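sequence-free structure coming up:
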């Protein structure tokens, strides 16, 4: 299991310090190679594409970007079974050398941990070593152009520049019209990451088979015991989401080729969750569902019997934490009740466990949670839900404040913990300023999401201006969301608007 501890002095590198790496140049070199790989795949020149992949994975630029990714993400401080972390510049420089030794590389087993799911069950998560993570990040750079070239236009999970908002917007476009199909197959795959066939992945994933085989069969250590991995891609691997996308990317074309347009069969996919529309309940139950099961069976997968169902749009269904339903012919997408309840349960647990904490600590703990939840739902009909959530949270906070001073009256507690800020009264704040108050979800602006074009490819030169424009627009919107999200009920003067490039406050 151990790796040889050889000296890895990076004497052959063109720079001596990690801080001297020219990141802009390296990113451009990698992007150029990725663009060439995508072009070779489009032209069906698979030998050339594989040769370019080899050049990319051996390049210093790609190795540096891979090391930077695994040392700057949220899991950078979490070690694998070898308990090694790359926290210093010297360790990162040595890692660049290690990534060039493909022939000597052998993946170590994953460290198995368990995280709670919403239904009370535990989700197994495998944590690779730092070297395994970096090696996967390196080869993912070579795999992404291939995956994007072959991706289904309406698949949005774990893809560059795609998000849940795109999937929800596509769902809205399919179901909002008055003549839209009214029956929906709500699909969910049982243990998608845990059950994908290794043989299918090795045959169909366009990547170095030796490396892919190392990651798929590395095994995992759980409670000091080693177990083999006979199927599936470990949840926690960097390359697993893209491999799963490749396995499911053919589902859309598969259904479109089997059913005529009169059946109204359309599909929206996000990772292992998907919805399929149909002209009737019978078509979905008797034709579409068996076809989906056949497609999945070839990949070692199957539908969840408890979560997969056919529903009428008037009854509605939950998809990606949001509820999709028609009311008297009008489609409304709102936060799903389970999603709202999960937020309130989390807030309630924090408040109940913070009886001895300060007001400042409680605000700092809750604000990222409330802001993140509100921003996730800001593209749908969520304003009424925001207001209701704020009322429920206010009652939790009021009980917390009253308990801390049981011998004081309500007026004293109100004066001690709540202030007037702008046009809002009873704002839970340590000071009468916006920077020290509890985030108000109802202040989150509702803004319709502009869905990415289905065939947009970040590795095709024709689409470079499109993605550049989307990046600029997204930056402006983030600054506006930050500004208006912080002005909790305060009247806005036009002179207060942030100065944004390409815009004017006048």
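Perfect, I can see it now. Predicted, not measured: the structure shown is a model, and the values here were computed from it.

quick one: low-confidence ranges for the stretch 301-450 of the chain?
432-434 (pLDDT under 70).

kindly recompute the last result at 90.
304-307, 355-356, 406, 420-424, 430-436 (pLDDT under 90).

which residue ranges of it form helices?
337-352, 359-376, 383-404, 410-417 (DSSP state H, counting those that start in this stretch).

for residue 329, which of those is the nearest?
helix 383-404 (19.8 Å; Cβ to Cβ). For the C-beta atoms, the positions are set from N, CA and C on the backbone; glycine is no exception.

got the buried residues for that closest one?
Of all the residues in helix 383-404, those buried under the rule 16 or more other Cβ atoms under 10 Å are 383, 385-386, 389-390, 393-394, 396-398, 400-401.

go on, stretch 232-241?
Of the residues in stretch 232-241, those buried (16+ other Cβ under 10 Å) are 232-241.

likewise for stretch 425-444?
427-430, 434, 436-444.

test my guess that residue 190 contacts residue 302.
Yes: in this structure residue 190 lies within contact range of residue 302 using Cβ atoms under 8 Å: 5.5 Å.

low-confidence regions, the stretch 151-300 of the chain specifically.
For the stretch 151-300 of the chain (pLDDT under 90), the answer is 188, 190-195, 219-220, 222-225, 227-237, 240, 249, 271-272.

what ranges does it have for its strands?
Assignment of strands within the stretch 151-300 of the chain using DSSP state E, counting those that start in this stretch yields the ranges 183-188, 220-222, 225-227, 266-270, 273-278.

same question for whichever strand or helix holds residue 474, mean pLDDT?
Using DSSP states H and E, residue 474 sits in helix 464-486. For helix 464-486, the mean pLDDT works out to 78.

show me what that helix is packed against.
helix 359-376 (3 or more Cβ pairs under 8 Å, 6 or more residues apart in numbering; DSSP states H and E).

now do the helix it packs on and helix 383-404, the angle between them.
In terms of direction (axes from the mean of the first three to the mean of the last three Cα atoms, to 10 degrees), helix 359-376 departs from helix 383-404 by 170 degrees.

centre-most residue in this protein?
Closest residue to the average C-alpha location of the chain: residue 158 at 6.0 Å, with Cα atoms, centre = their mean.

could I get the phi/psi values of it?
phi 60, psi 40 (degrees, to the nearest 10).

which residues does it contact?
241-242, 244-245, 271 (Cβ atoms under 8 Å, 6 or more residues apart in numbering).

taking those one by one, which sit in helices?
Within the contacts of residue 158, residues falling in helices by DSSP state H are 241-242, 244-245.

make a markdown table from those residues and add distance to residue 53 to it.
Compiled in a markdown table, the ones in helices among the contacts of residue 158 are given as follows (distance: Cβ to Cβ, whole Å):
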| residue | distance to residue 53 |
| --- | --- |
| 241 | 19 |
| 242 | 14 |
| 244 | 20 |
| 245 | 18 |
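
show me which of these is closest to residue 368.
Using Cβ to Cβ, those come closest to residue 368 at residue 241, 24.0 Å.

go ahead and confirm the closest one touches residue 271.
Yes: under the criterion of Cβ under 8 Å, residue 241 is in contact with residue 271, at a separation of 7.1 Å.

hmm, back to that, most widely separated two among the ones in helices among the contacts of residue 158?
Spatial extent of the ones in helices among the contacts of residue 158 (Cβ to Cβ) is set by the pair 242 and 244 at 7.3 Å.

residue contacts, residue 138?
Taking Cβ under 8 Å, 6+ apart, one finds 57, 62-63, 66, 99 in contact with residue 138.

closest to residue 260 out of these?
residue 57 (43.9 Å).

and for the closest one, the neighbour number?
If you count neighbours by other Cβ atoms under 10 Å, residue 57 ends up with 24.

cool, residue 35 as well?
With other Cβ under 10 Å as criterion, residue 35 counts 18.

nearest to residue 355, of the contacts of residue 158?
Of the contacts of residue 158, the one sitting nearest to residue 355 (Cβ to Cβ) turns out to be residue 271, at 38.7 Å.

who's in contact with the closest one?
Contacts of residue 271 by Cβ under 8 Å, 6+ apart are 157-158, 192, 241, 244-245.

if we go to 6 Å?
Contact analysis of residue 271 by Cβ atoms under 6 Å, 6 or more residues apart in numbering lists residue 157.

do you know how far it is from residue 413?
46 Å (Cβ to Cβ, to the nearest Å).

got it, and residue 58?
For residue 58, the distance to residue 413 - Cβ to Cβ - is 66 Å.

quick one: average confidence on whichever strand or helix holds residue 56?
Per DSSP H and E, residue 56 falls inside helix 46-58. Mean pLDDT, helix 46-58: 96.

got the buried residues for that helix?
49-50, 52-53, 56-57.

now do stretch 307-325
Here stretch 307-325 shows 308-311, 313, 316-325 as buried, counting by 16+ other Cβ under 10 Å.

farthest pair within those residues?
310 and 321 (20.9 Å).

residue most distant from the centroid, this protein?
Outermost in the chain, Cα atoms, centre = their mean: residue 407 at 47.2 Å.

distance of that residue from residue 415?
Residue 407 is 15 Å from residue 415, by Cβ to Cβ.

same check, this time on residue 383
Residue 383 is 30 Å from residue 415, where distance means Cβ to Cβ.

ok so, going back, packing partners for whichever helix or strand comes after the helix holding residue 56?
Per DSSP H and E, the first helix or strand lying C-terminal to helix 46-58 is helix 60-72. Helix 60-72 sits against helix 23-42, helix 89-98, helix 130-150, with contacts defined as 3 or more Cβ pairs under 6 Å, 6 or more residues apart in numbering; DSSP states H and E.
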